[in-house]
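# The sequence isn't on hand, but the structure is:
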């Protein structure tokens with residue numbers, strides 16, 4: 001005699017309840033993460049790769065601390081994101097990138113990191 005569906009512990013719903021973790025609804029992506037999800041991954045073409053290399057080389061030569069700064073390139077638009085330690089370093093980043101041939105627009109989202117007081 002077949003068992004009743006409520007007695008069958010191997011039906012789809014029971015398996016899902018036992019194996020799938022409930023998502024934490026308190027964690028929401030940022031607007032930037034949502035935008036990136038909509039756009040998806042886009043590989044750089046040769047011109048963008050060359051521009052990104054020029055930007056990174058120029059920033060390294062300027063003495064800028066790039067440990068907490070990311071550089072992204074989309075066509076002739078360079079986006080800078082991250083943190084620097086001083087207003088002078090922030091100006092150095094933007095001024096250096098502005099002088100690079102091929103850069104038409106700079107999106108500077110770099111912030112000055114708060115200093116810790118003792």
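Okay, I see it. All values reported here derive from a predicted model rather than from experimental measurement.
# Output the lowest mean pLDDT helix or strand found in this structure.
The weakest-scoring helix or strand in the chain, judged by mean pLDDT, DSSP states H and E, is helix 31-39 (a mean of 73).
# what does it rub up against?
Applying Cβ atoms under 8 Å, 6 or more residues apart in numbering, the external contacts of helix 31-39 come out as residue 29. Yep, even glycine has a C-beta here, placed from its N, CA and C like the rest.
# Tell me how far it lies from the chain's centre.
Distance, stretch centre to chain centre, for helix 31-39: 10 Å (Cα atoms, centre = their mean, to the nearest Å).
# which of the residues in the longest helix seen in the chain are buried?
Taking DSSP state H as the criterion, the chain has its longest helix at helix 46-61. For helix 46-61, the neighbour count (16 or more other Cβ atoms under 10 Å) marks 48, 51, 52, 54, 55, 59 as buried.
# per-residue confidence averaged over that helix?
Mean pLDDT, helix 46-61: 92.
# In terms of secondary structure, what does it contact?
Here helix 46-61 touches strand 69-74, helix 87-98, going by 3 or more Cβ pairs under 8 Å, 6 or more residues apart in numbering; DSSP states H and E.
# Can you give me the buried ones in the next helix or strand after the shortest one?
Looking back up the chat, that one is strand 69-74. Later in the chain than strand 69-74, the nearest helix or strand by DSSP states H and E is strand 77-84. Neighbour-count burial for strand 77-84 flags 78, 80, 82, 84 (criterion: 16+ other Cβ under 10 Å).
# so how far is strand 77-84 off the chain centroid?
10 Å.
# for that strand, packing partners?
strand 69-74, helix 87-98, strand 105-112.
# Give me the contact list for that strand.
By Cβ under 8 Å, 6+ apart, the residues outside strand 77-84 that reach it are 51, 55, 64-65, 68-73, 90, 93-94, 97, 100, 103-113.
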